[in-house]
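>>> Only the shape, not the letters, is given here:
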């Protein structure tokens, strides 16, 4: 029996169906991230769990009890909003305890809960201030405090970090993760930021167009994306997609394409997916992560199948920890992640190494991964 | 060369500015002249008024006309001044403003945060109230007041003003709450607050600017109303504006212009006061309500 069950949940506005039969089982203590581009339905799904939006068909249940038709405040869930939604007329202490007051918790108990939450989030000195006098990070903490005091079964986060500046966002991300490790409460978290999704979650649901594209651990999502959408949406820089022709050679399969000099190159597969043999003679899309396309010295020494090819450098982008090198393979621009101090210059022809253990083959028509 | 062209630009800017300020001062003088005449005349004795020098400052300042207008001037046969009517106006305006503002806020809350099918049509129809000339409703309204047993009472006047103010108060609050973040309402729902609690504890305490705007607007309109006061009030409930008219129209003996002007200023004083105290917020609130986001 899972803790939070979303079973066949559908949402329609009039005749337009925006969420199509969503099925997710969340175990107790899990950190589930719903990620996808805007309009994919992730916020709608979160609001349906919260009870702020009606569910058109299907059920959402928490601890085995159906939540359909249950008022949001009676679901024992708490939510952190994108704009923090702190009540501007109340001070921090009032903001945090308002929910308890509404639930008829006695004043002494409210005070204890407030002190505990304030201590946990280190906002004790701020309790008398109004939200207008707080910085973005402090508001974020207060919003989390408001959720914490309720001691809910499930925390819902609706893009809580998107209003913060880049540095603070990374700090708060760690704080949220720490908080989850300390409390062990079940969390459902919505974001459009794929890095947030990968770093925070125990499982990720990648959504697009009202469908769940893939549900899995961050590693599964990153290493074995089920289709081109997941492959390109998750990961930064985006996965390189190279059109290649599949050929049979000496009992194995090779991918044939062109390098940046216009020469034909061949990339033998290490362990080709079993269905790939049906594609012999056809052109498929080969997905190569930037870190699987690198300079010979930067290549993963544990990799079993490294293939070296020469190609021409278009642009270099030193990023501090790495240098991103742009080249052309199969007529498509590709990003290679090289060591920070690699010596390459635009216009040069240099050696690249492809880690064939890590490449993924996609059917160009169905866009699904070839397994 | 460039220095001289800069000089020229600077000089022409100064000329422009001088011209604009002169124009503004002239307009201000024209606009304030009647008020000046009223204040000056109300501080003169009747003998001095008869000298006919309207714009001159009083030779000897006297507050006699003010005291007389307030306490002993004759309106028709009743010679107790306008003070009783002043209280009539207060008794009418304060409840009408309070109820009208509160109802407007409530309408705005429902029309933006608890939308129902056809909410725009309802709002559109309420806006009609802003465009209906008051003369049109005089007869039907007196009929309604008769049915309700409120004819010739202060409560009747309060009701009339609440009803006719509702279009504007709803408009103000709806536009203000339109820009009020929905997430706050959602957060309150998650916290367990229900319909009325959200209104009282979240929306209303955050409506300061628009409350000020609405109060000033309603107060000025209701206090200055003459038509409804003259039509629906009896002798005991007549507001200040009607009393002022009676004071000026009373034709026993000489026309006491100084008393009339003193009475007129007294009648205008509360609205003036409201503007001075809250005018700053008025401008700010008008902006806040009209510009979304």
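Here it is on my side, so go on. Bear in mind the structure is a predicted one, so any value in this text is a computation, not a measurement. Residues are numbered from 1 along each chain as shown, chains lettered A, B, ... in the order given.
>>> wait, isn't residue A:204 in contact with residue A:30?
No: Residue A:204 lies out of contact with residue A:30 (C-beta atoms under 8 Å); the separation is 11.0 Å. Using the backbone N, CA and C atoms, a C-beta is placed for each residue, glycine as well.
>>> Could you check which of the two is surrounded by more residues?
residue A:204 (28 against 20; other C-beta atoms under 10 Å in any protein chain shown).
>>> Quick check on the more buried one: phi, psi?
Torsion angles at residue A:204 (phi, psi; degrees, to the nearest 10) stand at phi -120, psi 140.
>>> Look up how far residue A:137 lies from it.
For residue A:204, the distance to residue A:137 equals 25 Å [C-beta to C-beta, to the nearest Å].
>>> so residue A:8 is in which element?
For residue A:8, the enclosing helix or strand under DSSP states H and E is strand A:4-13.
>>> Give me the mean pLDDT for that strand.
For strand A:4-13, the mean per-residue pLDDT is 90.
>>> Give me the residues contacting that strand.
A:17-26, A:41, A:44-45, A:48-49, A:53, A:55-62, A:64, A:154, A:186, A:188 (C-beta atoms under 8 Å, 6 or more residues apart in numbering or on different chains).
>>> residues in the stretch 51-200 of chain B within reach of chain A, list them.
For the stretch 51-200 of chain B, the residues in contact with chain A (C-beta under 8 Å from any C-beta of the partner chain) are B:181, B:183, B:184, B:186, B:187, B:188, B:189, B:190, B:191, B:192, B:193, B:197.
>>> show me the contacts for the last one.
Meaning residue B:197. Counting by C-beta under 8 Å, 6+ apart, residue B:197 touches A:102, B:188.
>>> mind checking the SS state of it?
Residue B:197 falls in the helix class when you classify it by DSSP: H, G, I helix; E, B strand; the rest coil.
>>> and after the longest helix anywhere in chain B, which helix or strand comes next?
If you go by DSSP state H, chain B has its longest helix at helix B:2-42. Next helix or strand after helix B:2-42 toward the C-terminus (DSSP H and E): helix B:46-50.
>>> what packs against that following helix?
With contacts defined as 3 or more C-beta pairs under 8 Å, 6 or more residues apart in numbering or on different chains; DSSP states H and E, helix B:46-50 has these neighbours: helix B:257-290.
>>> Does anything pack onto the helix it packs on? Which helices or strands?
Looks like helix B:257-290 contacts helix B:2-42, helix B:46-50, helix B:64-71, helix B:83-113, helix B:154-178, helix B:208-224, helix B:240-249 (3+ C-beta pairs under 8 Å, 6+ apart).
>>> List the buried residues for the strand ranked longest in chain A?
The longest strand of chain A (DSSP state E) is strand A:306-318. Neighbour-count burial for strand A:306-318 flags A:306, A:307, A:309, A:311, A:312, A:313, A:316 (criterion: 16 or more other C-beta atoms under 10 Å in any protein chain shown).
>>> For the stretch 201-350 of chain A, just list every one of the strands.
Remark: strands assigned in the stretch 201-350 of chain A by DSSP state E, counting those that start in this stretch are A:203-208, A:211-216, A:240-249, A:252-258, A:264-268, A:283-288, A:293-294, A:306-318, A:322-329, A:332-339, A:349-355.
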